[in-house]
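Student: All I have is the shape, not the residue letters:
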């Protein structure tokens with residue numbers, strides 16, 4: 001199913017309303033490279049310099065074999081829809097013009113095509129894909145099911161990748177730099193607080209843990225937290241007091257009674273607590 005959907009290519013994603021499109025929509029034109037502006041919906045943010053240089057050398061020898069796809073912006077300017085690697089390679093090769101097909105496309109179609117073209121040719125970085133899915137949903141109202149149909153993936157795959165935008169920025173950078181895999185990221189998302197997510201991410205990177213090891217680490221930490229909570233006499237009451245006072249609160253049970261301890265970490269915080277207590 002996946003190969004079939006992706007194999008439809010870019011043409012299938014921009015159906016023509018007119019069954020007999022104009023020649024201008026179909027013919028290849030030579031357009032000046034300095035008249036083409038980047039695609040603002042391009043999901044890919046990282047381009048491998050070595051691969052670009054290799055492609056540029058190929059372009060010098062053979063030219064640009066496959067045209068790029070652009071749309072008019074007015075005053076002789078075009079916006080790139082698909083083919084940014086080819087355009088960059090053409091500029092590196094010193095070409096003045098590049099073969100291009102001009103199409104009439106909405107913002108939605110331009111972003112959709114940029115995403116699909118990258119997925120067809122080379123997998124996006126997981127974070128790039130996550131941000132692209134997020135934009136399709138937030139800016140254009142796509143559902144996860146719609147995106148899945150467009151790019152030939154399961155809806156659950158889209159949902160799992162889209163969740164990565166909920167990670168702290170530091171963790172997103174680790175995923176983007178391939179220091180954490182998508183599998184690691186899914187484990188980290190099992191934690192609800194950003195601070196805990198960041199701590200786990202650092203443990204995974206520093207310990208070079210596999211996904212299975214990360215899952216085991218998370219499970220052990222969860223068991224430890226549960227054991228600690230069982231030892232606490234009034235865990236729910238502690239949480240309520242902590243929320244009320246805005247600081248750590250400990251309830252210590254003794255043989256006949258106990259005590260409530262309010263923790264402060266700076267003189268100003270002590271003053272704030274006294275104001276709450278004394279009114």
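Tutor: Yep, it's here. The structure presented is a predicted model; accordingly, all values stated were derived computationally and were not measured.
Student: I'd like to know how many residues surround the closest residue to residue 42 other than its chain neighbours.
Tutor: Leaving aside its sequence neighbours, residue 42 sits nearest to residue 114 (CB to CB, 6 or more residues apart in numbering; 5.1 Å). C-betas here are computed from N, CA, C, even on glycine. Look at residue 114: counted by other CB atoms under 10 Å, it has 24 neighbours.
Student: and the next element down the chain from the helix or strand encompassing residue 114?
Tutor: Element membership for residue 114 (DSSP states H and E) is helix 107-121. Next in sequence after helix 107-121, counting helices and strands by DSSP H and E, comes helix 126-140.
Student: What's the first helix or strand after that next one?
Tutor: helix 144-151.
Student: buried set for that next one?
Tutor: With burial defined by 16 or more other CB atoms under 10 Å, the residues of helix 144-151 counted as buried are 144, 146-148, 150-151.
Student: Next: stretch 164-179.
Tutor: Of all the residues in stretch 164-179, those buried under the rule 16+ other CB under 10 Å are 164, 167, 171-172, 174-176.
Student: from the buried residues of helix 144-151, which single one is nearest residue 102?
Tutor: Relative to residue 102, the closest of those is residue 150; by CB to CB it sits at 22.6 Å.
Student: where's that closest one relative to residue 98, distance?
Tutor: Counting by CB to CB, to the nearest Å, the gap from residue 150 to residue 98 is 27 Å.
Student: All the helices of the stretch 151-279 of the chain, residue numbers only.
Tutor: 155-162, 169-176, 182-188, 194-207, 211-231, 235-245, 267-278 (DSSP state H, counting those that start in this stretch).
Student: Would you tell me which of those helices gets closest to residue 50?
Tutor: Using CB to CB, the nearest of the helices of the stretch 151-279 of the chain to residue 50 is helix 169-176, at 18.4 Å.
Student: what helices or strands is that closest one leaning on?
Tutor: Using 3 or more CB pairs under 8 Å, 6 or more residues apart in numbering; DSSP states H and E, the elements in contact with helix 169-176 are helix 126-140, helix 182-188, helix 194-207.
Student: need those helices in JSON lines with distance to residue 160 and mean neighbour count, can you?
Tutor: Listed next are those as JSON lines, based on distance: least, CB to CB, whole Å; neighbours: other CB atoms under 10 Å:
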{"stretch": "helix 126-140", "distance to residue 160": "9", "mean neighbour count": "20"}
{"stretch": "helix 182-188", "distance to residue 160": "6", "mean neighbour count": "21"}
{"stretch": "helix 194-207", "distance to residue 160": "16", "mean neighbour count": "16"}
